[in-house]
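1. Sequence plus the predicted model coming up.
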Amino acid sequence: MPLITLQSVDFSVGGPLLLDHVDLSIESGERIAVIGRNGAGKSTLLKLISGDLHVDDGEVRYEGGVRVARLEQEVPIDTAGDVFDVVAGGLGEQGALLAQFHHLSHAADVDANALAEVQSRIEALGAWSLDQRVTETLTRLSLDGDLPFAGLSGGMRRRVMLARALVSAPDVLLLDEPTNHLDIESIDWLEGFLKSWRGTLIFITHDRRFMRSLATRIVEIDRGSLTSWPGDWDNYLRRREERLHSEAQENARFDKLLAQEEVWIRQGIKARRTRDEGRVRRLKAMREERAQRRDLTGKVRMEAAQADASGRKVIEAKDVSVKLGGRTIIRDFSTTIFRGDRIGLIGPNGSGKTTLLRTLLGDLVPDTGEVRPGTGLQIAYFDQYRATLREDWNAIENVAEGREFVEFNGKRKHIIGYLQDFLFTPERARAPITRLSGGERNRLLLARLFAQPSNLLVMDEPTNDLDVETLELLEELLGDYAGTLLLVSHDRDFLDNVVTSTLVMEGDGRVGDYVGGYTDWLRQKPTLESRGVKPEASKAAPVASTSAVAPAKRKLSYKETRELEALPGRIETLEGDVARLTGALSDPSFYTRDAAAITAHNAELARAQAELDAAYARWSELDG
């Protein structure tokens with residue numbers, strides 16, 4: 001028996017239906033990922049399931065006594081009080097009484113009369129058992145109930161709001177972009193927690209690795225329709241391509257037939273004979289069907305304006321140390337960034353990634369050491385908080401700033417046409433940005449960013465709120481970007497697909513410099529830990545510096561030095577080979593080949609992977 005059933009549901013906010021006659025059954029124990037383009041109706045679906053919105057037509061049925069809780073995409077701005085207050089607030093009136101009792105009982109001067117009155121009301125409602133539930137939930141999520149909510153980091157606030165949703169012991173938990181603004185450590189914790197949680201989970205996320213780890217079913221919203229895809233993310237990608245191919249073929253066949261009938265109807269009097277009236281009616285029906293068809297939403301077309309090339313050496317940092325508030329954020333850090341490098345910055349929230357960026361860009365003067373910028377730098381900066389967008393301007397004004405055309409890479413384009421490349425209709429482009437969704441604001445910021453000529457691109461969490469298709473297009477653009485990239489991101493797949501090296505905040509001011517992306521860094525962590533180096537756990541609880549001393553690094557021969565210098569390029573080439581060969585396995589046509597070709601392909605993939613593993617092992621040996 002399904003816990004929740006949506007039957008023939010329609011919902012609209014004006015214009016085409018967001019949900020058009022959709023059906024969905026939600027079974028116990030499922031972990032359902034809801035996907036779709038920005039504005040397709042994903043958050044709307046969750047609100048309909050939770051009862052925060054009501055359907056225009058159709059029905060949402062609940063199995064008797066099923067409890068639903070929803071974690072919103074953004075933390076409500078009016079959330080206040082201690083952590084205990086916020087979590088207990090998930091229990092409604094009973095939770096408010098428990099929070100009041102908690103404050104009265106912990107006060108320096110206990111008001112006995114007020115305490116007795118609150119106790120009496122709690123007893124009348126039979127709510128004492130809920131106090132134990134709040135305490136257990138706080139313990140389970142490692143939260144201190146006495147901490148003020150306003151003083152917590154963004155990641156800890158999200159954890160508190162998750163506790164607020166869980167304290168009601170829901171059968172169905174709804175999560176809207178739960179990984180936004182979480183660092184990698186917090187995302188890993190959330191993955192593990194949700195895997196062990198026994199209820200039913202429905203979630204929206206742009207984090208593909210998070211989705212692969214959790215989802216047992218994919219539900220896609222596309223042009224008002226809802227399609228359920230059993231299995232994981234990779235199965236969805238394969239089957240969706242097959243469906244879109246079939247749909248394109250069917251639409252082409254229909255359009256060809258319609259064109260033939262339109263030619264026939266224009267032939268004159270023959271089309272109006274009595275014996276042809278049935279054909280005329282069929283043509284009218286075909287016209288109506290074509291008019292009602294909702295074509296696939298176009299793809300964002302991104303192109304970055306290129307400035308003249310910078311000097312070969314972009315930034316050089318030597319023995320840099322930075323202290324803030326008595327805490328060493330960066331200690332004795334040296335690096336050289338060359339033209340064309342794509343560097344990812346990894347570390348927990350509060351570990352100093354933004355401080356490192358500001359220091360490298362010259363916005364912050366180090367306490368010791370020096371940072372030398374290269375020549376001819378033109379910098380474009382993406383701000384995760386979107387502070388560069390003016391709230392009193394519309395999309396056109398934010399990008400064009402009074403100009404009618406934007407010019408880049410030798411082309412001149414009208415601002416309306418340019419914004420249409422980023423999926424803004426003329427009406428949407430003229431609307432105040434206060435009416436734009438989070439995904440639309442991020443697309444607008446990308447449009448503004450890429451209209452600026454640059455040869456050094458600095459991006460701080462660009463992936464938040466973007467749909468997966470736009471995310472993949474952004475990966476392609478950054479991969480082809482001719483300049484230099486500095487990227488802060490907690491999206492593990494995005495880092496793997498874009499960067500060529502990483503700077504890792506390892507705690508106690510140490511900044512590690514590694515070849516490859518996030519997964520490559522993970523491979524090297526055992527080597528780090530064997531040398532007594534451990535990544536920083538969190539801002540609130542930094543790892544104490546170890547007393548272990550790294551062994552002296554042996555001197556390399558001339559031949560070994562040349563080999564070490566060549567290894568990063570070889571590793572990058574081998575990674576490309578492995579990615580290409582692995583990608584071919586996802587192509588349905590691959591399996592139409594003869595058995596010998598498939599066997600040869602698999603052997604080539606195994607050889608490339610073995611060579612890549614050997615190259616990493618040799619790199620660790622020489623650089624150790």
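-> It's in. Residues are numbered from 1 along each chain as shown.

2. Tell me how far residue 468 lies from residue 277.
-> Residue 468 sits 49 Å away from residue 277, taking C-beta to C-beta, to the nearest Å as the criterion. Heads up, the C-betas are built off the backbone N, CA and C, glycines and all.

3. Those two: which is more packed in?
-> Neighbour tally, residue 468 and residue 277, criterion other C-beta atoms under 10 Å: the higher count belongs to residue 468, 19 against 11.

4. pLDDT at the more buried one, what is it?
-> Here, the pLDDT recorded for residue 468 equals 80.

5. Now it: closest residue in space that isn't a chain neighbour?
-> Closest residue in space to residue 468, ignoring its immediate chain neighbours: residue 206 at 6.0 Å, by C-beta to C-beta, 6 or more residues apart in numbering.

6. Okay, strands next: where are they in the stretch 151-300 of the chain?
-> Using DSSP state E, counting those that start in this stretch, the strands of the stretch 151-300 of the chain run over residues 172-176, 200-204, 217-222, 225-230.

7. Burial check on residue 253, number of neighbours?
-> Residue 253: 10 surrounding residues under other C-beta under 10 Å.

8. per-residue confidence for it?
-> On pLDDT, residue 253 comes in at 79.

9. Residue 591 too?
-> According to the prediction, residue 591 has pLDDT 60.

10. what's the answer for residue 273, then?
-> pLDDT, residue 273: 52.

11. returning to that earlier point: I'd say the residue nearest to residue 468 and residue 461 touch.
-> No - the criterion here is C-beta atoms under 8 Å, and residue 206 misses it with residue 461 at 11.5 Å.

12. In terms of neighbours, single out the busier of those two.
-> Between residue 206 and residue 461, residue 206 has the larger neighbour count (other C-beta under 10 Å), namely 22 against 19.

13. And the pLDDT for the more buried one?
-> Value for residue 206, per-residue pLDDT: 87.

14. Provide a list of residues in contact with it.
-> By C-beta atoms under 8 Å, 6 or more residues apart in numbering, residue 206 lies in contact with 177, 179, 463, 464, 465, 466, 467, 468, 471, 491.

15. go again using 10 Å as the cut-off
-> 35, 38, 177, 179-180, 439, 463-468, 470-471, 491, 494 (C-beta atoms under 10 Å, 6 or more residues apart in numbering).

16. where's it relative to residue 176, distance?
-> Distance, residue 206 to residue 176, using C-beta to C-beta: 11 Å.

17. swap in residue 600?
-> For residue 600, the distance to residue 176 - C-beta to C-beta - is 46 Å.

18. cool, residue 48 as well?
-> For residue 48 relative to residue 176 (C-beta to C-beta), the value is 13 Å.

19. These two: who's more crowded?
-> residue 48 (22 against 19).

20. what helix or strand does that one sit in?
-> Secondary structure from DSSP states H and E places residue 48 in helix 42-50.

21. CA atoms only for that helix, dumped as PDB, please.
-> Only the C-alpha atoms of helix 42-50 are listed here, as PDB (Å, rounded to 0.1, in the frame of the first residue of the first chain):
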ATOM      1  CA  LYS A  42      10.400  20.400  -8.400                       C
ATOM      2  CA  SER A  43       9.900  22.500  -5.200                       C
ATOM      3  CA  THR A  44       6.300  22.800  -6.100                       C
ATOM      4  CA  LEU A  45       5.900  19.000  -6.100                       C
ATOM      5  CA  LEU A  46       7.400  18.800  -2.600                       C
ATOM      6  CA  LYS A  47       5.100  21.500  -1.300                       C
ATOM      7  CA  LEU A  48       2.100  19.700  -2.800                       C
ATOM      8  CA  ILE A  49       3.200  16.400  -1.100                       C
ATOM      9  CA  SER A  50       3.700  18.200   2.200                       C
END
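
22. all helices in the stretch 251-400 of the chain, in order from the N-terminus.
-> Along the stretch 251-400 of the chain, the segments classed as helices by DSSP state H, counting those that start in this stretch run 277-292, 353-361, 395-400.

23. circling back to that earlier point, of all the contacts of residue 206, which comes closest to residue 226?
-> Using C-beta to C-beta, residue 35 is the member of these that sits closest to residue 226, with 10.9 Å.

24. circling back: now the strands of the stretch 151-300 of the chain in TSV, with distance to residue 255?
-> Converted to TSV, those look like this (distance: least, C-beta to C-beta, whole Å):
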stretch	distance to residue 255
strand 172-176	38
strand 200-204	34
strand 217-222	20
strand 225-230	20
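
25. where among the ones you listed is the average confidence lowest?
-> strand 225-230 (a mean of 86).

26. Would you indicate which residues of it are buried?
-> 226, 229 (16 or more other C-beta atoms under 10 Å).

27. what packs against it?
-> Packing partners of strand 225-230 (3 or more C-beta pairs under 10 Å, 6 or more residues apart in numbering; DSSP states H and E): strand 19-26, strand 31-35, strand 217-222, helix 233-265.

28. just these: most buried one?
-> Among the helices and strands packed on strand 225-230, strand 31-35 has the highest mean neighbour count (mean count of other C-beta atoms under 10 Å), at a mean of 23.

29. Quick one: closest of the helices of the stretch 251-400 of the chain to residue 71.
-> helix 353-361 (25.4 Å).

30. quick one: buried residues of the closest one?
-> The neighbour-count check on helix 353-361 (16+ other C-beta under 10 Å) flags 353, 354, 355, 356, 357, 359, 360, 361 as buried.

31. then that helix to CSV, C-alphas only?
-> Backbone C-alpha positions of helix 353-361 (Å, rounded to 0.1, in the frame of the first residue of the first chain) are rendered in CSV as follows:
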residue,chain,number,x,y,z
LYS,A,353,39.4,29.3,1.5
THR,A,354,38.0,32.8,0.9
THR,A,355,41.0,34.2,2.9
LEU,A,356,43.4,32.3,0.6
LEU,A,357,41.6,33.6,-2.5
ARG,A,358,41.7,37.2,-1.3
THR,A,359,45.4,36.8,-0.4
LEU,A,360,46.3,35.4,-3.9
LEU,A,361,44.3,38.2,-5.6
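
32. distance between that helix and the chain's centre?
-> Mean-position distance between helix 353-361 and its chain equals 23 Å (C-alpha atoms, centre = their mean, to the nearest Å).

33. I'd like to know which elements that helix is packed against.
-> Using 3+ C-beta pairs under 10 Å, 6+ apart: helix 353-361 touches strand 313-324, strand 327-338, strand 342-346, strand 368-373, strand 379-382, strand 456-460, strand 484-488, strand 501-507.

34. Mean pLDDT lowest where, among those?
-> Among the helices and strands packed on helix 353-361, strand 379-382 scores lowest, with a mean of 85.

35. partner strands of it, parallel or antiparallel?
-> strand 456-460 (parallel) (DSSP bridges).

36. moving C-terminal of the strand it pairs with, what's the next helix or strand?
-> The helix or strand immediately downstream of strand 456-460 is helix 468-480, counting by DSSP H and E.
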